[in-house]
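J.: sequence unknown, structure follows:
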């Protein structure tokens, strides 16, 4: 089975909901492998809650280091 590596931007309600939804995708595996947030403590707590291996201080660093296929923007418009 193919795997899509997801990076989350934001660590609030929408990110929580999206992470759970990625776990329900069928036909392809979706692994949330990285998260970044304006509040580092929120990103760390979110990563711990969902067993996400990568926490990054910025989107730029996440893109450079995490090798994600998809970036899920869960931030206010």
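T.: The structure has been received and is ready for your questions. All values reported here derive from a predicted model rather than from experimental measurement.
J.: Tell me which other helices or strands the helix or strand hosting residue 63 touches.
T.: In this assignment (DSSP states H and E), residue 63 forms part of helix 59-65. Secondary-structure packing of helix 59-65 (3 or more CB pairs under 8 Å, 6 or more residues apart in numbering; DSSP states H and E): strand 3-9, strand 29-36, strand 54-56, strand 70-73. Heads up, the C-betas are built off the backbone N, CA and C, glycines and all.
J.: Give me the mean pLDDT for the last one.
T.: For strand 70-73, mean pLDDT is 97.
J.: With the first one instead?
T.: With pLDDT averaged residue by residue, strand 3-9 scores 97.
J.: Pull out the buried positions in the helix holding residue 63.
T.: By neighbour count with 16 or more other CB atoms under 10 Å, helix 59-65 contains the buried residues residue 62.
J.: which other residues reach that helix?
T.: With contact meaning CB atoms under 8 Å, 6 or more residues apart in numbering, helix 59-65 is reached by 7, 9, 34, 35, 36, 54, 56, 68, 71.
J.: Nearest to residue 44 among those residues?
T.: Nearest to residue 44 among the contacts of helix 59-65, counting by CB to CB, is residue 35 at 8.7 Å.
J.: hang on, the earlier thing: I'd like the contacts of helix 59-65 laid out as a markdown table, including neighbour count.
T.: As requested, the contacts of helix 59-65 are exported to a markdown table (neighbours: other CB atoms under 10 Å):
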| residue | neighbour count |
| --- | --- |
| 7 | 24 |
| 9 | 20 |
| 34 | 26 |
| 35 | 29 |
| 36 | 25 |
| 54 | 20 |
| 56 | 21 |
| 68 | 19 |
| 71 | 15 |
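J.: So residue 70 is in contact with residue 9, correct?
T.: No - with contact defined as CB atoms under 8 Å, residue 70 does not count as touching residue 9 (11.0 Å).
J.: Overlap in contacts, those two.
T.: Common neighbours of residue 70 and residue 9 (CB under 8 Å, 6+ apart) do not exist.
J.: what's around residue 20, how many residues?
T.: Neighbourhood size, residue 20 [other CB atoms under 10 Å]: 11.
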